[in-house]
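Novice: model this:
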Amino acid sequence: MNKLAYIPALDGLRAIAVVAVMLYHLGLPGFDFGFVGVDLFFVLSGILITSLLVTEYYRTGRINLPQFYLRRALRLFPALLVVLATALILALLFGSAREQSMTVTGIWSSLLYISNWVLVLMPDANLGPLNSMWSLAVEDQFYIIWTPIIAFLLARHVSKSKLLLILLLATLASTGAGALNWYLAGTFPGPALGTHSRAQGLLLGCMLGLLYVWGRFPTRARPLMICALTVALSFTFLLTLHSDTALYTTGYLIIAVGAGGLIVLAVSSPHVARILSVKPLVWVGSISYALYLWHLLIFWYMSSSHTGLDPIVAGTLGFVLAFLAAAASYYLVERYFLQLKKRLSVRPTTPVTEHPQQDVLLAPNP
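Specialist: Take a look at the predicted model:
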C-alpha cells in the first residue's frame, strides 16, 4: 500500500487549473477552454479523497463518517462564510436590486450546497458573483453519497477488481446520463451542472485513487508515454471542439481521462513532477481554494460596468485583488482551521508524512 504523502506537483496542477479558470472568467483571448480546470479538480478531488478514505480503512478497519464530514466542514466552511458575508455587504453597498436578489439566492444555495440544482431546475436563475459555487455543490453532494458507499463496499470485502468495475460502470453511466439529458432537453445546465452528469470526473478520480493506494500507478517509460498520449489527445479534442453536442455527450469524459493522465504523470514522472513543483506554482496551489472562492466575486465588482475602468485595467486589478484576498483568507482564516482539522485526522499505525493541504478539494467553475 502506498503511504499518503504530500506531493508538491499536485499543488502545481491546482495552480495551473485555477489560473486557467480565472483567465477564462476574465474573457482573456486564448482561454476559451480554461473552464476545463474544473474537470482537473474533479479528478484530483476523487483521487485525494478516495486515497484518504481507503487508507483510513486499511489502517483502522473502518471509515469514521462523522469525523470525515467534520473535517470537510472545517476545511470548507470558514473561508466560504467569509466570502458569502463579503458578497452580501458588496451587494448591499454597490449592487442593483437584481444583483442583491441574485446574491441572496447565491448565499442560501451555497450554504446548502445545492447551487448547481438551483441553476439546473430554475431556468431563469442567476447567482451573479456566486455563480461559480455550483461545482462545490456537485463535489459535496457526490461525497455525501460516495463516502458511505465506499465504506460499505470495503466492509463487505469487495475485491479490487469489482471495486474498479463498479466505478467504471458508474463513470460510463454518468457520461450516458449527461448525453441523454442533452439529447432530451437540448440545453446546457443539466449535462454541464448536474451532479448526475458531472460525477464522471470524480468517479474517474476515485478509480485512480484506488490504484494509487494499491501501488498500481505506472513507473516504467511505456505506460508513462501512454499517459502522455492521453493528455495530448484530450488537448487535441479541446482545440478541435466546435460543438456543444460533442462536449455535453462525451467531451467531459475525454477531458477527465486527459486530466487523469496528467495527474499520473505528475505523481509518477520525475521530470513532470520537477516542473510542477516549482515554488511559485506550489504556493498558488496552496491558496487555490481561496482563489476559487474569491475570484469571481472580485471580478464581478471590479468589472467595467461597476467601476467605469478600461476592461484591461479592471481585469488586471481584479486579478491582483483576487490573489491578495486569497492570500489573506489562507493565512488569516484557513490555516487555523487546517491545523484544527489535522488534529482530527486518523492516527496511523505506521509513520506517514501528512500535510494540511492534502485533502483540500478545489473545483473552479466555468
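Novice: now Trp294, nearest residue through space, not along the chain?
Specialist: Nearest non-adjacent residue to Trp294, counting by Cβ to Cβ, 6 or more residues apart in numbering: Ala325, 4.3 Å away. For the C-beta atoms, the positions are set from N, CA and C on the backbone; glycine is no exception.
Novice: just the CA coordinates of the host helix or strand of Asp39, formatted as PDB?
Specialist: Here Asp39, judged by DSSP states H and E, is contained in helix 37-60. Extracted in PDB, the C-alpha atoms of helix 37-60 (Å, rounded to 0.1, in the frame of the first residue of the first chain):
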ATOM      1  CA  GLY A  37      -9.800  23.400 -14.900                       C
ATOM      2  CA  VAL A  38     -12.900  22.200 -13.100                       C
ATOM      3  CA  ASP A  39     -12.500  18.800 -14.600                       C
ATOM      4  CA  LEU A  40      -8.900  18.600 -13.500                       C
ATOM      5  CA  PHE A  41     -10.000  19.500 -10.000                       C
ATOM      6  CA  PHE A  42     -12.900  17.000 -10.000                       C
ATOM      7  CA  VAL A  43     -10.400  14.200 -10.900                       C
ATOM      8  CA  LEU A  44      -7.900  15.400  -8.300                       C
ATOM      9  CA  SER A  45     -10.700  15.500  -5.700                       C
ATOM     10  CA  GLY A  46     -11.700  11.900  -6.400                       C
ATOM     11  CA  ILE A  47      -8.100  10.700  -6.200                       C
ATOM     12  CA  LEU A  48      -7.300  12.500  -2.900                       C
ATOM     13  CA  ILE A  49     -10.500  11.800  -1.000                       C
ATOM     14  CA  THR A  50     -10.700   8.200  -2.000                       C
ATOM     15  CA  SER A  51      -7.000   7.700  -1.100                       C
ATOM     16  CA  LEU A  52      -7.600   9.100   2.300                       C
ATOM     17  CA  LEU A  53     -10.800   7.100   2.900                       C
ATOM     18  CA  VAL A  54      -9.300   3.800   1.700                       C
ATOM     19  CA  THR A  55      -6.100   4.300   3.600                       C
ATOM     20  CA  GLU A  56      -8.100   5.100   6.800                       C
ATOM     21  CA  TYR A  57      -9.900   1.800   6.300                       C
ATOM     22  CA  TYR A  58      -6.800  -0.200   5.800                       C
ATOM     23  CA  ARG A  59      -5.200   1.300   8.900                       C
ATOM     24  CA  THR A  60      -8.100   1.300  11.300                       C
END
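Novice: and the next helix or strand past that helix?
Specialist: Next along the chain from helix 37-60, counting by DSSP H and E, comes helix 65-94.
Novice: and the helix or strand just after that following helix, what does it pack against?
Specialist: Once the chain leaves helix 65-94, the next helix or strand it forms, by DSSP H and E, is helix 97-111. Applying 3 or more Cβ pairs under 8 Å, 6 or more residues apart in numbering; DSSP states H and E, one finds that helix 97-111 contacts helix 65-94, helix 115-121, helix 134-155.
Novice: show me the shaky parts of the stretch 201-350 of the chain.
Specialist: Applying pLDDT under 70 to the stretch 201-350 of the chain picks out residues 344-350.
Novice: can you pull out the helices in the stretch 251-366 of the chain?
Specialist: 252-268, 270-276, 279-286, 288-302, 304-307, 311-329, 335-343 (DSSP state H, counting those that start in this stretch).
Novice: contacting residues for Ser304?
Specialist: Applying Cβ atoms under 8 Å, 6 or more residues apart in numbering, we find Ser304 in contact with Asp310, Pro311, Ala314.
Novice: which among the residues you listed end up buried?
Specialist: For those, a burial check counting by 16 or more other Cβ atoms under 10 Å picks out Ala314.
Novice: hang on, the earlier thing: now the helix holding Asp39: how far from the chain's centre is it?
Specialist: Between the centre of helix 37-60 and the centre of its host chain there is 11 Å, according to Cα atoms, centre = their mean, to the nearest Å.
Novice: for it, buried residues please.
Specialist: Within helix 37-60, the residues that qualify as buried are 37-57, 59, counting by 16+ other Cβ under 10 Å.
Novice: ok, now stretch 256-271?
Specialist: 256-269.
Novice: swap in stretch 223-231?
Specialist: In terms of neighbour count (16+ other Cβ under 10 Å), stretch 223-231 has its buried residues at Leu224, Cys227, Ala228, Thr230, Val231.
Novice: model confidence for Val43, exactly?
Specialist: On pLDDT, Val43 comes in at 97.
Novice: ok so, going back, can the contacts of Ser304 go into CSV with extra columns for distance to Met302?
Specialist: Listed next are the contacts of Ser304 as CSV, based on distance: Cβ to Cβ, whole Å:
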residue, distance to Met302
Asp310, 12
Pro311, 10
Ala314, 5
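Novice: alright, I will stop here.
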